[in-house]
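Engineer: Sequence plus the predicted model coming up.
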Amino acid sequence: MSAPGEVARRALEAEDRFEFRLAGGRGFILDFEQGRDVINLVGLGLTPWDLLPSIAGSDLVLSFEGGDVVLRGAAGVHLGPEDFRW
């Protein structure tokens, strides 16, 4: 189990599923591959409108109440509904 604020990475057959919790802090996803990986928000009570995306250098930052998740090197990625599980 991950410490609060960390991103837990779990392999699913041909894709990765990145899970995070509303425990505060900052999590990092180092190898997000659009079309292959998924950011899992199931059970957190978040909606797409709760995430505030921003760019920090070459990273995409998804901020939400209580923390944020940094997708390293993903500043040019345009996330869509298929990249999340709500």
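Structural biologist: Yep, it's here.

Engineer: my read: residue 38 touches residue 17, true?
Structural biologist: Yes: counting by Cβ atoms under 8 Å, residue 38 does reach residue 17; the two are 4.9 Å apart. Where you see a C-beta, it was placed from the backbone N, CA and C, and this is true even at glycine.

Engineer: What ranges does the protein have for its strands?
Structural biologist: 8-12, 15-19, 26-29, 38-40, 52-56, 59-64, 67-71, 84-85 (DSSP state E).

Engineer: Select, out of these, the one closest to residue 77.
Structural biologist: Between residue 77 and the strands of the chain, the tightest spacing by Cβ to Cβ is seen for strand 59-64, at 5.8 Å.

Engineer: Direction-wise, compare that closest one with strand 52-56 and give the angle.
Structural biologist: 150 degrees (axes from the mean of the first three to the mean of the last three Cα atoms, to 10 degrees).

Engineer: tilt between strand 59-64 and strand 67-71?
Structural biologist: Using the same axes, to 10 degrees, strand 59-64 lies at 160 degrees relative to strand 67-71.
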